[in-house]
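[1] predicted model and sequence below, questions to follow.
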Amino acid sequence: MMTVTEKLRLISKESADIIDFIEEIFNNIKRCEPKVNAYISLDSMEIAIERLMNSMDKGKLSGILVAVKDNISTMYMPTTAGSKVLYDYVPPFDATVVERIKKDGGIIIGKTNLDEFAMGSTTELSAFGPTRNPWNLERVAGGSSGGSAAALAYGGCDIALGSDTGGSARLPASYTATYSLKPTYGLVSRYGLIPYANSLEQISPMARSVEDLALLLEIISGWDKKDATTLGLKRIKLTDISPADLKELRICIPLNLIDIAEKEVKREIWRFIKRLETEGSRIDEIDLAWGKEALSAYYTIALAEASSNLSRYDGILYPTENLGKNYRNHVLLARKKFGFEVKRRILLGTFILSEGYKDRYYVMAARLRRLVRENLMKLVTKCLIVLPTSPTLPPRIGEKIKDPITLYALDIYNIIANLAGIPAISFPIGFSSGLPIGAQLMTEPLGERKLIAAGLSIEELTGLRGMVADAC
Ligand code: GLN
C-alpha cells in the first residue's frame with residue numbers, strides 16, 4: 001500500500017484523488033475490522049470527508065487519516081484507556097500531539113484498542129476485547145498499542161500514534177511488520193496522555209515506512225508549555241534526511257541478550273546482522289550483563305508510578321456516576337471496575353512504595369536504573385545497539401496472559417531504552433511461517449536523525465515497506 005509520503009507527492013502533483021485514498025482505507029476497515037478489532041471508536045467515512053473539506057491545504061498532513069491510541073486525549077471523542085473505569089469519558093481538550101496533528105491537516109478517524117491503561121504486551125487485557133493480528137488472526141498483534149499496529153497492518157489508517165512506556169509501540173510494530181520510533185524522553189509532549197509510568201513513557205509515531213515515521217515525529221515533537229518534562233527544543237527536523245551509508249554504521253550486538261531469543265527470532269536477527277556486515281557495517285560484540293535485572297527494575301519502577309497515577313480513579317472525578325451510598329462504598333465500587341491485571345499492578349506498586357519495603361524495592365530499582373543508564377550512555381555514543389524487538393514470534397491469543405512473568409518478559413529488549421530515556425526505532429526484518437519479526441536500533445539521546453538515516457537504508461535493504469497483511 002502507498003505510504004503517506006508517496007500519497008502526498010501524488011496529491012500535490014494532482015495525479016491522484018485524495019477521496020480515492022480515503023475510500024480505500026474505509027474499504028479495508030469494512031473488510032477487516034470485524035475480525036481484527038483494532039478500533040474502540042471509529043468515525044464514518046462521511047465524517048472524515050467532511051473534516052477533509054474543513055482542513056484542505058492546511059499543512060503537511062492534509063487529507064491523511066490518523067489512528068490514535070485510546071489513552072491519548074481527543075476532544076469530543078471518547079478516550080477510554082481500554083478500561084471500564086473510563087468507558088464513557090469524553091475529554092474536553094485535545095492532547096498536544098493531537099492538536100499538532102490537526103493543525104497540520106491530519107484527520108483523526110478513530111481511537112485504537114490497547115491493554116487497560118497501557119499495561120500489557122498483547123492487547124488482550126483490554127476491556128473491549130483482544131485485537132487480533134492481521135497477518136494471522138490466531139495470533140496477538142502485540143501491545144499495548146496493538147490497535148494502532150493492527151490498523152496500520154490491514155491498511156485501516158495512514159499513520160498512527162502509540163505510547164511506549166516499556167515497548168508498547170515497538171512490540172506491536174514488530175508483530176505486525178510496521179515501524180515505530182520511541183523518541184528521546186522529553187522530545188514529545190505527554191500533555192493529554194493518560195499516565196501509566198511518567199518517568200518512562202513517550203508518545204510514539206507508528207507507520208508503514210521510515211519516511212512516514214519521520215514526518216509524524218517531526219510534527220508532534222518539540223517543547224510544550226503544558227508539559228514541564230519536555231526539552232526546550234523546537235520541532236526537530238526529520239524530513240530532510242538521506243539514507244545512511246551502511247559502510248559507516250557502527251553496530252554493537254549484545255550477545256548475552258540475543259541468546260535468550262526463540263530460535264526463529266535468533267535466525268532472522270543473525271541473518272540481518274550478517275547482511276549489514278556484508279554491506280560493510282562494522283559489527284562489535286558486547287555483553288549487557290545487567291539485561292535481565294533491568295527487567296525487574298523496570299517493572300518495579302513502572303508499578304510504583306502506576307499505583308500512584310491510578311489513585312485518581314476514585315469515582316469522584318472519574319467516573320462521575322453515582323455508585324455508592326457513602327464515600328467509602330462509592331470509592332470501593334468505582335475501583336472494582338479495574339481489570340485483574342491493573343488491580344495486581346496497583347497492589348504491587350503500593351507494596352513496593354510502602355514503609356519498610358521502599359528501600360528494598362523502589363530505591364534499589366532506581367539505583368539499578370542509574371547504572372543501566374550510565375552504562376548505556378557510554379556505549380551509545382560509540383555505536384548503535386541492535387536487538388530483536390521481541391524474543392518471540394507473535395504469541396497465540398490466550399498463550400501469554402495466563403502467566404504474568406512470561407508476559408512481562410516479552411519486553412525484555414525494549415525496556416532498556418525507556419529506563420535510559422534514549423531513542424529506539426523498530427523495523428521489520430523478515431517473516432517466519434508468515435509471522436513478522438522485527439529488530440530495533442538504539443542510540444544516544446536526541447539521536448533521532450541518526451536512527452531515521454539508518455532506518456531509511458535498512459528499509460531499502462530489506463525492501464519491507466508499505467506492507468499490508470492478507471489474513472482478512
Ligand atoms: N509490557 C510493558 C508493561 O506492561 C509495556 C507497557 C507499555 O509500554 N505501555 O509495562
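    Perfect, I can see it now. Numbers count the residues shown, from 1 in each chain.

[2] return the residues in contact with Glu24.
    1, 155 (C-beta atoms under 8 Å, 6 or more residues apart in numbering). Glycine gets a C-beta too; all of them are placed from N, C-alpha and C.

[3] how about the residues of the stretch 301-450 of the chain by the ligand?
    Proximity of the stretch 301-450 of the chain to the ligand, by C-beta under 6 Å from any ligand atom, involves residues 302, 411.

[4] what about the stretch 301-450 of the chain, any weak spots by pLDDT?
    Applying pLDDT under 70 to the stretch 301-450 of the chain flags residues 319-320.

[5] whichever residue of it sits closest to the ligand - nearest residue in space that isn't next to it in sequence?
    The nearest approach of the stretch 301-450 of the chain to the ligand comes at Asp411, 4.2 Å away (C-beta to the nearest ligand atom). Leaving out its chain neighbours, the residue that sits closest to Asp411 by C-beta to C-beta, 6 or more residues apart in numbering is Gly167, at 3.9 Å.

[6] and the one you found, how far from the ligand?
    Remark: distance between Gly167 and the ligand (C-beta to the nearest ligand atom, to the nearest Å) = 5 Å.

[7] what pLDDT does Gly232 get?
    For Gly232, the pLDDT comes out at 94.

[8] what's the local residue count around the residue of the stretch 51-200 of the chain found nearest the ligand?
    In the stretch 51-200 of the chain, no residue comes nearer to the ligand than Ser168, which is 2.8 Å away by C-beta to the nearest ligand atom. Neighbours of Ser168 under the rule other C-beta atoms under 10 Å: 35.

[9] same question, Ala366
    Ala366: 14 neighbours (other C-beta under 10 Å).

[10] same question, Asp115
    32.

[11] ok, the one 3 residues further on next?
    By the measure other C-beta under 10 Å, the count of residues near Ala118 is 30.

[12] cool, and the one 3 residues further on?
    Other residues within reach of Ser121 by the criterion other C-beta under 10 Å amount to 29.

[13] do Glu399 as well
    17.

[14] swap in the one 4 residues further on?
    Here the neighbour count serves as a burial measure; for Asp403 (other C-beta under 10 Å) it reads 10.

[15] from Thr74, how far out is it?
    From Asp403 across to Thr74, the span is 34 Å (C-beta to C-beta, to the nearest Å).

[16] next one: Ser199
    Counting by C-beta to C-beta, the gap from Ser199 to Thr74 is 25 Å.

[17] which one's more surrounded, those two?
    A count of neighbours by other C-beta under 10 Å puts Thr74 above the other of Ser199 and Thr74, at 22 against 16.

[18] if we can go back for a sec, what's the neighbour count on the residue of the stretch 301-450 of the chain closest to the ligand?
    Residues lying near Asp411 (other C-beta under 10 Å) number 27.

[19] tell me how far it lies from Ser426.
    For Asp411 relative to Ser426 (C-beta to C-beta), the value is 12 Å.

[20] now do the shared contacts for the two.
    Leu171.

[21] residues of the stretch 1-150 of the chain that sit close to the ligand?
    Residues of the stretch 1-150 of the chain lying near the ligand (C-beta under 6 Å from any ligand atom): 118-121, 144.

[22] what is the most widely separated pair among those residues?
    Largest separation among these by C-beta to C-beta: Ala118 and Ser121, giving 10.2 Å.

[23] find the residues that touch each one of these two.
    144, 168.

[24] state the pLDDT value of the residue sitting nearest the centre point of the chain.
    The centroid of the chain falls nearest to Ala169 when counting by C-alpha atoms, centre = their mean (1.5 Å). pLDDT for Ala169: 98.

[25] wait, isn't it in contact with Gly162?
    Yes: counting by C-beta atoms under 8 Å, Gly162 is a contact partner of Ala169 at 3.4 Å.

[26] what do those two both touch?
    Shared contacts of Ala169 and Gly162, defined by C-beta under 8 Å, 6+ apart, are found at 145, 148-149, 180, 204, 206.

[27] inside helices: which ones of these?
    Applying DSSP state H to these, the entries found in helices are 148-149.

[28] can I get the shared contacts of Ala169 and Gly162 in JSON lines with pLDDT and distance to Ile29?
    Listed next are these as JSON lines, based on pLDDT from 0 to 100; distance: C-beta to C-beta, whole Å:
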{"residue": "Ser145", "pLDDT": "98", "distance to Ile29": "18"}
{"residue": "Ser148", "pLDDT": "99", "distance to Ile29": "14"}
{"residue": "Ala149", "pLDDT": "98", "distance to Ile29": "15"}
{"residue": "Ser180", "pLDDT": "98", "distance to Ile29": "21"}
{"residue": "Ser204", "pLDDT": "98", "distance to Ile29": "23"}
{"residue": "Met206", "pLDDT": "98", "distance to Ile29": "17"}
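
[29] find the residue closest to the residue of the stretch 51-200 of the chain closest to the ligand in space, skipping its chain neighbours.
    Once flanking residues are discounted, Ser168 sits nearest to Ser144: 4.2 Å by C-beta to C-beta, 6+ apart.

[30] which residues of the stretch 151-300 of the chain fall in helices?
    Along the stretch 151-300 of the chain, the stretches classed as helices by DSSP state H, counting those that start in this stretch are 170-175, 210-220, 255-258, 263-278, 291-309.

[31] including distance to Phe431 and mean neighbour count, could those go into JSON lines?
    Shown next, in JSON lines, are these (distance: least, C-beta to C-beta, whole Å; neighbours: other C-beta atoms under 10 Å):
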{"stretch": "helix 170-175", "distance to Phe431": "11", "mean neighbour count": "35"}
{"stretch": "helix 210-220", "distance to Phe431": "19", "mean neighbour count": "26"}
{"stretch": "helix 255-258", "distance to Phe431": "19", "mean neighbour count": "16"}
{"stretch": "helix 263-278", "distance to Phe431": "8", "mean neighbour count": "16"}
{"stretch": "helix 291-309", "distance to Phe431": "26", "mean neighbour count": "21"}
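
[32] make TSV from those helices and add distance to Asp227 to it.
    Converted to TSV, these look like this (distance: least, C-beta to C-beta, whole Å):
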stretch	distance to Asp227
helix 170-175	22
helix 210-220	12
helix 255-258	32
helix 263-278	35
helix 291-309	15
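
[33] so which of those helices is nearest Leu446?
    Of the helices of the stretch 151-300 of the chain, nearest to Leu446 by C-beta to C-beta is helix 210-220, at 12.1 Å.

[34] now do the closest one: everything it contacts.
    Identification of contacts with helix 210-220 by C-beta under 8 Å, 6+ apart yields 3-5, 60-61, 96-97, 100-101, 104, 106, 158-159, 161, 179-181, 183, 188-189, 203, 205-207, 235-239, 241, 425, 427, 448, 452, 455-456, 458-459, 465.

[35] for the record, mean pLDDT for it?
    Here the average pLDDT along helix 210-220 is 98.

[36] CA atoms of it as PDB?
    The C-alpha coordinates for helix 210-220 follow below in PDB (Å, rounded to 0.1, in the frame of the first residue of the first chain):
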ATOM      1  CA  VAL A 210      10.500   5.100   7.900                       C
ATOM      2  CA  GLU A 211       9.700   8.300   5.900                       C
ATOM      3  CA  ASP A 212       6.200   8.400   7.400                       C
ATOM      4  CA  LEU A 213       7.600   7.900  10.900                       C
ATOM      5  CA  ALA A 214       9.900  10.800  10.400                       C
ATOM      6  CA  LEU A 215       7.100  13.000   9.100                       C
ATOM      7  CA  LEU A 216       4.800  12.300  12.100                       C
ATOM      8  CA  LEU A 217       7.600  12.600  14.700                       C
ATOM      9  CA  GLU A 218       8.600  15.900  13.200                       C
ATOM     10  CA  ILE A 219       5.100  17.200  13.600                       C
ATOM     11  CA  ILE A 220       4.500  16.100  17.200                       C
END
